[in-house]
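[1] kindly return the folded structure for what I paste below:
(one chain, ligands or ions: 2)
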Amino acid sequence: MSNGVRPTTGEAYTDGSGAFVPAVERIERGSGIAGERRVRADVCVIGTGAGGAPVAKELAEGGMRVLMLEEGERRSADEFNARPRDMTALLYRDAGQLATIGNVPIVLPLGSSVGGTTLVNSGTCFRTPGGVLEVWARKFGLEQLTVEELDPYFRRVERELNVSQVPAELAGNNALVVKRGADALGWSGDFIYRNAKGCVGSGVCAFGCPTSAKQHTGQTYVPRAWQAGAVTYSGCRAGKIVVEGGRARAVEATTSGGGRLRVECDAVVVACGAIHTPLFLRRSGLGLDSGQLGRNLAIHPATAVRAEFAEEIDMARGVPQSFYIDEFADEGIMFEGAAGPPDYLAMSFPFSRERHRDLMLRFKHLSQFGVMVSDRSRGSVRERAGRVEIRYDVGPDDVELFRRGIELLAELYWEAGARRVFLPVHGHAEQTEPDPRPLRDAKPRARDLTLMAFHPLGTARADASAACGVVDGDLRLHGVDGVYVADASVVPGSLGVNPQITIMALATRLAFHLLGEPAPQHEPEPESIARPRVGRAHGVAA
Ligand SMILES: Cc1cc2nc3c(=O)[nH]c(=O)nc-3n(C[C@H](O)[C@H](O)[C@H](O)COP(=O)(O)OP(=O)(O)OC[C@H]3O[C@@H](n4cnc5c(N)ncnc54)[C@H](O)[C@@H]3O)c2cc1C
Ligand code: SF4
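    Numbering: from 1, shown residues only. Ligands and ions are numbered 1, 2, ... in the order given. You can find the predicted model right below:
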């Protein structure tokens, strides 16, 4: 095999003719397991999202007997009706109602099916910025994680997922109107690179892709793992890891059929995500030595600014997250598309009664765009009375970043020709003229902001020192043999960009290490990739 160049523009994104169709479905449903069952595997992977699925596929293709435990069920496009209300209940954990406790509540949705959160995510793909890796090396001793070291793993992930750039004609008017404002102001931005194949711009990525174009892990890595012999036990919740003689020996799980499953194995890869991995490790009595488990939670908090235009936009059409602006990424502010169908906007518009109704009647003339902050604030996760408790206070630096980001996005909307701009700030919900002073003078507090977050990270952070982190730079749990963590929880701080392919590249690297294989040498070079201006790790530097 030669390196070659993999197309990432033009038809690369829309061509679904070569879409992967799994030949086998090796899935055991927990609903069918009512009694006790024992099974044997070389490696038990817990979770099938961005972290778990790539490890499972690579290990299975490398010849290992792999068993995936997944609490959720397998969902397919046949069940996706593109209605946010139905799909949120079907595809999100706790019907999308999970939220933080702190100086402002922040909704933090997580996926709950085979494919984890990748099934409901927006598909945006950015490599880990080099400046972030440099800070990781300095601050966490992760010197081995360089741009050059990770390059072959990124290439491999990007090929597996067909990461390619949204063409302008599918980006939707929502993106084009924002691009018009950015161009007028001379701000840097571009169409987003995404894991899609045959995308038709139906606008509901966060509610289950009805055409199976989005290359989430339940659609790609998991079936490829099956093809190589791995098995997924869905509806099976891992309860704890059994350690004997300083080494992992088994995983105990409960099934949705009321049964119990014991997986005897030589190694365990934990990939339950940044909220559930620390809780699971704690239940197993593992990862406690550094005192860092469940702490250092970064979330990339986000909000959205909306604007009304005379022209028709219809943000329900096109790829919802298709354009980004990185002009202020070095300050810790990224702007990314956040469009969607009317009921999505209706849920989050900060108005009620007639005003809400009147604005929703103008839906086709409304635009919405996201502000994401590379946070310096940190939170924590723990279990209390059997429930997840996420504590997170937005610190004053991050509040100020939001104020600045909202002000900048409002400026862009006015430049693009908006008639009215709607801000996610209590007491400043509507601007009727381009005047930033009222918001500036008001000095908003955290509790004045309407926030969401999509990227929990860092709760089992990697650090070369066992005294400071939960896993080492190769994702091995400090202090016990045979346990690894490969998900968002190991990412030691904010990335300033969306995390899914960082997690996948780290997970792929772990799999190659477990197989004793060198990095893949023949992955094609992408024709082009996103190069956002994230020069230094704003959020990590705190
Ligand atoms: C709406 C939305 C949009 C997003 N958009 C983007 C985007 O465009 N680009 C991007 O890079 N990122 C995006 N993200 C974030 C990205 O999807 C996540 O960072 C990523 O999926 C995290 O991977 P993970 O493996 O850590 O966790 P997950 O993908 O959440 O996978 C964890 C899996 O573990 C399972 N699990 C948990 N506990 C157990 C247990 N005890 N036993 C068995 N199974 C268990 C869960 O059911 C889940 O399937 C978005 C997130 C959301 C919510
Ligand atoms: S825009 Fe529609 S077709 Fe394209 S990935 Fe999203 S849900 Fe699938």
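[2] please enumerate the helices of this structure.
    In the chain, helices defined by DSSP state H lie at 52-61, 84-91, 130-140, 147-160, 172-185, 221-227, 273-283, 342-348, 353-361, 396-416, 437-442, 500-515, listed in chain order.
[3] hey, which of those is tucked in deepest?
    Ranked by mean neighbour count, the helices of the chain are led by helix 52-61 with a mean of 29 (mean count of other CB atoms under 10 Å). C-beta here means a position set from N, CA and C on the backbone, and glycine is covered the same way.
[4] follow-up on the earlier one: so which of the helices of the chain gets nearest R317?
    If you check each of those against R317 by CB to CB, helix 172-185 wins as the nearest, at 5.5 Å.
[5] that closest one: how far from the chain's middle?
    Shown here is helix 172-185, whose average C-alpha point lies 25 Å from the average C-alpha point of the whole chain (CA atoms, centre = their mean, to the nearest Å).
[6] ok, stretch 458-475 next?
    Relative to its parent chain, stretch 458-475 has a centroid offset of 20 Å by CA atoms, centre = their mean.
[7] so where's the chain shaky on pLDDT?
    Applying pLDDT under 70 to the chain flags residues 1-2, 536-542.
[8] ok and the residue in the stretch 101-250 of the chain nearest ligand 1?
    When distances are taken as CB to the nearest ligand atom, the stretch 101-250 of the chain approaches ligand 1 most closely through G116, which lies 2.5 Å from it.
[9] which residues touch that residue?
    Residues near G116 by CB atoms under 8 Å, 6 or more residues apart in numbering: 47-50, 52-53, 70, 72, 110, 217-218, 273.
[10] tell me the buried residues within the residues you listed.
    Applying a neighbour-count criterion of 16 or more other CB atoms under 10 Å, the buried members of these are 47-50, 52-53, 70, 72, 110, 217-218, 273.
[11] show me which residues of this protein sit near ligand 2.
    Applying the criterion CB under 6 Å from any ligand atom, the portion of the chain that neighbours ligand 2 consists of 123, 196, 199-205, 209, 211, 213-214, 319.
[12] turn the contacts of G116 into TSV, including distance to P520.
    What follows is the contacts of G116, written out as TSV (distance: CB to CB, whole Å):
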residue	distance to P520
G47	23
T48	22
G49	22
A50	19
G52	20
A53	17
E70	26
G72	30
L110	30
T217	18
G218	23
G273	26
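[13] from the residues you listed, which is closest to D190?
    A50 (22.8 Å).
[14] mind listing what that closest one touches?
    For A50, the residues meeting the contact criterion (CB under 8 Å, 6+ apart) are 116-118, 217, 487-488, 499-501, 503-504, 507.
[15] nearest to ligand 2 within the stretch 251-400 of the chain, name that residue for me.
    Relative to ligand 2, the nearest point of the stretch 251-400 of the chain is V319 (4.5 Å; CB to the nearest ligand atom).
[16] how close does that residue sit to V135?
    Applying CB to CB, to the nearest Å, the value for V319 to V135 is 31 Å.
[17] okay, among the contacts of G116, which ones form the most distant pair?
    The farthest-apart pair in the contacts of G116, when distances are taken by CB to CB, is A53 and L110, at 15.4 Å.
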